[in-house]
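Engineer: Test case, fold it:
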Amino acid sequence: MNAIRTRSCWTRLLQCLRLVEQTVRGSYALCFLMFAIALPAFAHSETDVPHSFRWIHPASDPQLWNAIEVAFHDELVPDQANHGENPLDVYRYKYLRRIGVIDHSALVFVGHRPAKELTKENEWDEYYSAFNFDTVTRQKTRIERAEWLWTIKFRRLATLGPSRVPDVTFTYLSCTECEPELLFAALQFDPEKSVWHIRSWEHGKDIWWATKDGLVVELDLDNGEDTISFDCAYGILDSRRTGF
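Structural biologist: Model (predicted):
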């Protein structure tokens with residue numbers, strides 16, 4: 001069975017590399033991304049990882065969910081409007097959007113809305129903030145560069161490096177009342193510190209399409225200069241494994 005899974009994995013890897021060669025020559029960041037996600041046989045299996053990552057819900061683990069909700073009381077307090085303030089700038093409804101747990105470390109997403117029920121007028125005005133929370137010490141901290149995630153869409157759990165704990169991948173807009181960039185980002189777990197952080201791409205190189213916040217996705221570059229070509233993340237190979 002393992003031999004069959006291994007052959008299947010390498011077959012899909014070769015298909016991925018052929019696709020990369022044909023469509024994205026020179027885009028090393030995308031090649032790395034597709035290469036990593038194309039190895040499902042070694043990614044986040046319950047049998048391979050003794051203390052594996054899992055999503056929890058009020059129905060699946062009500063005791064832990066309620067405990068975290070109590071711990072985040074201050075973060076969930078609705079904002080109060082000041083006199084003359086635009087209602088769309090006041091977030092009167094805050095809630096736990098999603099919680100992931102590995103051992104005693106919880107990855108918590110808090111949602112912010114101007115009202116509980118969204119309308120056409122305010123549906124764009126919703127953002128999320130990501131936090132680390134230790135279920136033993138009760139310590140919580142905001143995750144740097146994950147404080148304002150507009151129109152977030154969770155993608156998959158993906159192994160993007162040597163760690164056996166998968167990254168939590170998602171896309172989001174850099175802003176909403178501007179000309180936004182669509183960013184692909186990943187939250188990476190640090191097993192030594194038991195905390196999550198935003199993965200940096202290209203080993204911290206300061207190039208516009210591999211920023212500290214995420215990879216710019218399918219951007220139509222028009223800067224008024226004589227730009228011949230540019231790189232961006234265009235797609236992700238689906239490993240066909242269950243994730244979210």
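Engineer: Model confidence for the residue nearest to Ser194 when sequence neighbours are not counted, exactly?
Structural biologist: Sequence neighbours aside, Ser105 is the residue nearest to Ser194 in space, at 4.5 Å (criterion: C-beta to C-beta, 6 or more residues apart in numbering). Heads up, the C-betas are built off the backbone N, CA and C, glycines and all. pLDDT, Ser105: 97.
Engineer: The one 5 residues further on too?
Structural biologist: In the predicted model, Val110 carries a pLDDT score of 98.
Engineer: quick one: it and Asp74 touch, right?
Structural biologist: No: look at Val110 against Asp74 with C-beta atoms under 8 Å: they stay out of range, at 10.7 Å.
Engineer: ok, then the element right after the lowest-mean-pLDDT helix or strand in the chain?
Structural biologist: In the chain, no helix or strand scores lower on mean pLDDT, DSSP states H and E than helix 28-37, which sits at a mean of 40. Following helix 28-37 in sequence order, the next helix or strand is strand 54-56 (DSSP states H and E).
Engineer: what pairs with that next one, and is each one parallel or antiparallel?
Structural biologist: When sheet partners are counted by DSSP bridges, strand 54-56 sits next to strand 93-102 (antiparallel).
Engineer: Enumerate every residue touching the nearest residue to Gln80 once chain neighbours are set aside.
Structural biologist: On the basis of C-beta to C-beta, 6+ apart, the spatially nearest residue to Gln80 that is not a chain neighbour turns out to be Val90, at 7.4 Å. Counting by C-beta atoms under 8 Å, 6 or more residues apart in numbering, Val90 touches Asp79, Gln80, Ala81, Pro114.
Engineer: Could you measure from Val90 over to Trp150?
Structural biologist: 17 Å (C-beta to C-beta, to the nearest Å).
Engineer: Relative to Thr141, how far out is Gly161?
Structural biologist: Distance from Gly161 to Thr141, by C-beta to C-beta: 23 Å.
Engineer: again, but for Ile152
Structural biologist: From Ile152 to Thr141 the distance is 19 Å (C-beta to C-beta).
Engineer: The two: who's more crowded?
Structural biologist: Applying other C-beta atoms under 10 Å to Ile152 and Thr141 shows that Ile152 carries more neighbours, namely 19 against 11.
Engineer: Go ahead and confirm the more buried one touches Thr171.
Structural biologist: Yes: when contacts are counted by C-beta under 8 Å, Ile152 is listed as touching Thr171 (7.4 Å).
Engineer: Grab the nearest non-local neighbour of His112.
Structural biologist: Tyr91 (4.2 Å).
Engineer: How about the secondary structure of the one you found?
Structural biologist: Assigned by DSSP: H, G, I helix; E, B strand; the rest coil, the conformation of Tyr91 is coil.
Engineer: Let me know the pLDDT of it.
Structural biologist: pLDDT, Tyr91: 91.
Engineer: Next: Pro58.
Structural biologist: 97.
Engineer: just the strands in this protein please.
Structural biologist: For the chain, the strands defined by DSSP state E occupy 54-56, 93-102, 105-113, 127-134, 140-142, 149-158, 167-173, 182-190, 195-198, 215-216.
Engineer: model confidence over the fourth one, on average?
Structural biologist: To tie it back to what came earlier, the one meant is strand 127-134. So the average pLDDT for strand 127-134 ends up being 97.
Engineer: Who are the packing partners of it?
Structural biologist: strand 105-113, strand 140-142, strand 149-158, strand 195-198 (3 or more C-beta pairs under 8 Å, 6 or more residues apart in numbering; DSSP states H and E).
Engineer: neighbouring strands for the longest one, and are they parallel or not?
Structural biologist: Strand 149-158 has its sheet partners listed here by DSSP bridges as strand 127-134 (antiparallel), strand 167-173 (antiparallel).
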